[in-house]
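Undergrad: Starting from these lines, generate the structure:
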Amino acid sequence: MKLLNIPNIQYQISFLQFLILIRYADIINTMWLTFLYAPLIPIVLPMSMINIILYYWIEKYTIMRRSTAKDILSKNISQEMIEHIELIIIFYTIGNLFNLINRQFSI
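TA: Residues are numbered from 1 along each chain as shown. Just a heads-up that it's a prediction; the model follows:
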(Lines give C-alpha, C1' and ligand atoms only; values in the text may rest on other atoms or scores of the structure.)
Protein backbone atom coordinates (compact mmCIF):
# COMPACT_ATOMS: atom_id res chain seq x y z
CA MET A 1 0.00 0.00 0.00
CA LYS A 2 1.35 3.40 -0.98
CA LEU A 3 2.01 5.98 1.63
CA LEU A 4 -0.42 8.88 1.28
CA ASN A 5 1.35 12.04 2.19
CA ILE A 6 0.89 15.57 0.94
CA PRO A 7 3.83 15.70 -1.53
CA ASN A 8 2.83 12.34 -3.02
CA ILE A 9 -0.77 13.43 -3.50
CA GLN A 10 0.26 16.78 -4.97
CA TYR A 11 2.57 15.01 -7.39
CA GLN A 12 -0.19 12.67 -8.51
CA ILE A 13 -2.76 15.38 -9.19
CA SER A 14 -0.29 17.85 -10.67
CA PHE A 15 -0.67 16.16 -14.07
CA LEU A 16 -4.36 17.04 -14.32
CA GLN A 17 -4.24 20.73 -15.08
CA PHE A 18 -7.42 22.70 -15.44
CA LEU A 19 -7.09 24.80 -18.59
CA ILE A 20 -9.58 27.63 -18.37
CA LEU A 21 -8.93 28.78 -21.94
CA ILE A 22 -10.25 25.50 -23.33
CA ARG A 23 -13.31 25.81 -21.10
CA TYR A 24 -13.93 29.34 -22.35
CA ALA A 25 -13.68 28.12 -25.94
CA ASP A 26 -16.14 25.27 -25.27
CA ILE A 27 -18.75 27.61 -23.82
CA ILE A 28 -18.39 30.19 -26.60
CA ASN A 29 -18.61 27.45 -29.24
CA THR A 30 -21.76 26.05 -27.64
CA MET A 31 -23.39 29.46 -27.47
CA TRP A 32 -22.48 30.39 -31.07
CA LEU A 33 -23.79 27.14 -32.51
CA THR A 34 -26.91 27.34 -30.37
CA PHE A 35 -27.87 30.76 -31.61
CA LEU A 36 -26.95 29.92 -35.19
CA TYR A 37 -29.25 26.89 -35.33
CA ALA A 38 -31.95 28.06 -32.88
CA PRO A 39 -34.25 29.53 -35.55
CA LEU A 40 -34.13 26.30 -37.56
CA ILE A 41 -34.24 23.82 -34.68
CA PRO A 42 -35.94 25.39 -31.64
CA ILE A 43 -35.19 22.42 -29.38
CA VAL A 44 -31.53 23.49 -29.49
CA LEU A 45 -32.15 26.25 -26.92
CA PRO A 46 -33.29 24.07 -24.00
CA MET A 47 -30.77 21.37 -24.92
CA SER A 48 -27.98 23.94 -24.88
CA MET A 49 -29.15 25.31 -21.55
CA ILE A 50 -29.08 21.83 -20.05
CA ASN A 51 -25.66 21.27 -21.61
CA ILE A 52 -24.21 24.44 -20.09
CA ILE A 53 -25.67 23.68 -16.65
CA LEU A 54 -24.26 20.13 -16.70
CA TYR A 55 -20.94 21.46 -18.01
CA TYR A 56 -20.80 23.92 -15.13
CA TRP A 57 -21.39 21.28 -12.45
CA ILE A 58 -18.99 18.77 -14.02
CA GLU A 59 -16.26 21.37 -14.33
CA LYS A 60 -16.87 22.58 -10.80
CA TYR A 61 -16.41 19.03 -9.53
CA THR A 62 -13.30 18.66 -11.69
CA ILE A 63 -11.73 21.81 -10.30
CA MET A 64 -12.59 21.02 -6.70
CA ARG A 65 -11.67 17.35 -6.65
CA ARG A 66 -9.64 16.22 -9.62
CA SER A 67 -7.33 18.89 -11.01
CA THR A 68 -5.14 21.84 -10.27
CA ALA A 69 -5.43 25.32 -11.72
CA LYS A 70 -1.99 26.76 -12.28
CA ASP A 71 -2.86 29.41 -14.84
CA ILE A 72 -3.48 32.95 -13.74
CA LEU A 73 -5.66 34.79 -16.22
CA SER A 74 -5.63 38.47 -16.81
CA LYS A 75 -8.67 40.66 -17.02
CA ASN A 76 -8.09 41.02 -20.78
CA ILE A 77 -9.01 37.40 -21.49
CA SER A 78 -12.33 37.78 -19.70
CA GLN A 79 -13.01 40.97 -21.64
CA GLU A 80 -12.26 39.17 -24.92
CA MET A 81 -14.71 36.42 -24.04
CA ILE A 82 -17.40 38.98 -23.27
CA GLU A 83 -16.77 40.58 -26.67
CA HIS A 84 -17.10 37.16 -28.32
CA ILE A 85 -20.42 36.65 -26.56
CA GLU A 86 -21.61 39.89 -28.14
CA LEU A 87 -21.14 38.23 -31.55
CA ILE A 88 -24.02 35.89 -30.69
CA ILE A 89 -26.41 38.54 -31.99
CA ILE A 90 -24.80 38.26 -35.43
CA PHE A 91 -25.05 34.47 -35.43
CA TYR A 92 -28.68 34.60 -34.35
CA THR A 93 -29.41 37.01 -37.20
CA ILE A 94 -27.64 34.75 -39.70
CA GLY A 95 -29.65 31.79 -38.42
CA ASN A 96 -32.88 33.75 -38.87
CA LEU A 97 -31.87 34.69 -42.42
CA PHE A 98 -31.20 31.03 -43.27
CA ASN A 99 -34.59 30.14 -41.83
CA LEU A 100 -36.33 32.89 -43.83
CA ILE A 101 -34.61 31.87 -47.08
CA ASN A 102 -35.44 28.24 -46.44
CA ARG A 103 -39.13 29.04 -45.92
CA GLN A 104 -39.33 31.20 -49.04
CA PHE A 105 -37.87 28.51 -51.29
CA SER A 106 -39.93 25.69 -49.76
CA ILE A 107 -43.28 27.33 -50.68
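Undergrad: what helix or strand is the residue nearest the centre of the chain on?
TA: The centre of the chain sits closest to I27, judged by CA atoms, centre = their mean, with a distance of 1.7 Å. Secondary structure assignment for I27, by DSSP states H and E: helix 20-37.
Undergrad: helices or strands next to the following helix or strand past that helix in the packing?
TA: As assigned by DSSP H and E, the chain's next helix or strand after helix 20-37 is helix 44-61. Contact partners of helix 44-61 among helices and strands, from 3 or more CB pairs under 8 Å, 6 or more residues apart in numbering; DSSP states H and E: helix 20-37. Where you see a C-beta, it was placed from the backbone N, CA and C, and this is true even at glycine.
Undergrad: so where is this structure shaky, pLDDT-wise?
TA: In the predicted model of the chain, residues 1-4, 9-16, 68-69, 107 satisfy pLDDT under 70.
Undergrad: The residue nearest to the centre of the chain and I52 touch, don't they?
TA: Yes: counting by CB atoms under 8 Å, I27 touches I52, with 6.8 Å between them.
Undergrad: For the residue nearest to the centre of the chain, give me its contacts.
TA: 52, 55 (CB atoms under 8 Å, 6 or more residues apart in numbering).
Undergrad: Also the one 10 residues further on?
TA: Contacts here follow CB under 8 Å, 6+ apart; on that basis Y37 touches 44, 95.
Undergrad: try 10 Å
TA: When the contact criterion is CB atoms under 10 Å, 6 or more residues apart in numbering, the partners of Y37 are 43-45, 48, 91-92, 95, 98-99.
Undergrad: now M49
TA: So M49 contacts 30, 34 (CB under 10 Å, 6+ apart).
Undergrad: Any figure for the gap between it and Y92?
TA: M49 is 15 Å from Y92, where distance means CB to CB, to the nearest Å.
Undergrad: L45 now?
TA: Applying CB to CB to L45 and Y92 gives a distance of 11 Å.
Undergrad: now R103
TA: Distance, R103 to Y92, by CB to CB: 17 Å.
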